[in-house]
Each structure stands twice: as structure tokens, then as C-alpha cells.
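Peer 1: Predicted model, plus sequence, below.
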Amino acid sequence: MLFQVRMDVCLPHDLDPKTRSEIVAEEKQYAQELQRAGKWPHIWRIVGEYANISVFDVESNDELHALLSGLPLFPYMDIHVTPLATHPSDINA
Ligand SMILES: O=C(O)CC1=CCC(=O)O1
């Protein structure tokens, strides 16, 4: 099952810089592990925003929820999920 996920990051301005660096590094490691596992095939920066558009490839809504809620930045993000279906005009489908 494919899902488009938009993540908007909003870190508190008064967050300790060391803590911020650690969380961002943990986020990168977590995200790259999921990419290597094939669960997170696309991640794109939205130009001019501290936000991304990603595509997840998972078995269920519950799996997606578990992966998203495990993000180190989860407490600091607004997340919007859009389930994707095959388009009838897709020549690759
Ligand atoms: O910087 C972001 O868009 C938040 C994020 C998600 C995965 C990652 O490595 O950073």
C-alpha cells in the first residue's frame, strides 16, 4: 500500500542546540534505515520550507502509523497522510 505523507517540522526555538542536533541525526538514521528496507522509497524537500513530501510503501495503516510515530521528530511534526490508489491512465499499472 502506497501513501503520500507530508511532514512539516516545527522545532521549538528555545530547544537546546545539542538536543536539536541529536534529534535531527537520529531522524536521519531512522529515515535511511527505512529507505534501505524499501518502506520509504521517496523523500523530497519542499522548496523553501522545513517540510518534506514522502512516499511510504507499507502493508497496512497500522504499520504506517507505527513507522510515523517512531520518528524521532514525531513530537515536533504536523503529519498529513494521503492514501494512494492506481490511476486508470497509468501506463505502468
Ligand atoms: O527534514 C525533514 O523533512 C524531516 C525528516 C524526515 C526524515 C528526515 O531525515 O528528516
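Peer 2: Yep, it's here.
Peer 1: can you count the residues close to Asn6?
Peer 2: Heads up, residue 6 is Arg, not Asn. 16 (other Cβ atoms under 10 Å). C-beta: built from backbone N, CA, C; applies to glycine.
Peer 1: Give me the residues contacting stretch 44-58.
Peer 2: The contact list for stretch 44-58 (Cβ atoms under 8 Å, 6 or more residues apart in numbering) reads 1-10, 38-43, 64, 67, 84.
Peer 1: again, only using 6 Å
Peer 2: With contact meaning Cβ atoms under 6 Å, 6 or more residues apart in numbering, stretch 44-58 is reached by 1-9, 40-43, 64.
Peer 1: Just among the residues you listed, which is most surrounded?
Peer 2: In those, the most neighbours by other Cβ under 10 Å go to Met7, 22 neighbours.
Peer 1: those strands in this structure, which residues are they?
Peer 2: 2-9, 42-45, 51-57, 77-84 (DSSP state E).
Peer 1: got a pLDDT number for the spatially most central residue of the chain?
Peer 2: Compute the mean C-alpha point of the chain, and by Cα atoms, centre = their mean the closest residue is Ser54, 5.4 Å away. On pLDDT, Ser54 comes in at 98.
Peer 1: swap in Ala93?
Peer 2: Reported pLDDT for Ala93: 85.
Peer 1: For it, which residues are in contact?
Peer 2: Residues near Ala93 by Cβ under 6 Å, 6+ apart: Thr86.
Peer 1: Next, the buried residues of stretch 10-23.
Peer 2: Judged by neighbour count (16 or more other Cβ atoms under 10 Å), stretch 10-23 contains these buried residues: Ile23.
Peer 1: no wait, stretch 76-92
Peer 2: Tyr76, Met77.
Peer 1: what's in contact with it?
Peer 2: Residues contacting stretch 76-92 (Cβ under 6 Å, 6+ apart): Leu2, Phe3, Gln4, Val5, Arg6, Met7, Asp8, Val9, Cys10, Leu11, Leu68, Ala93.
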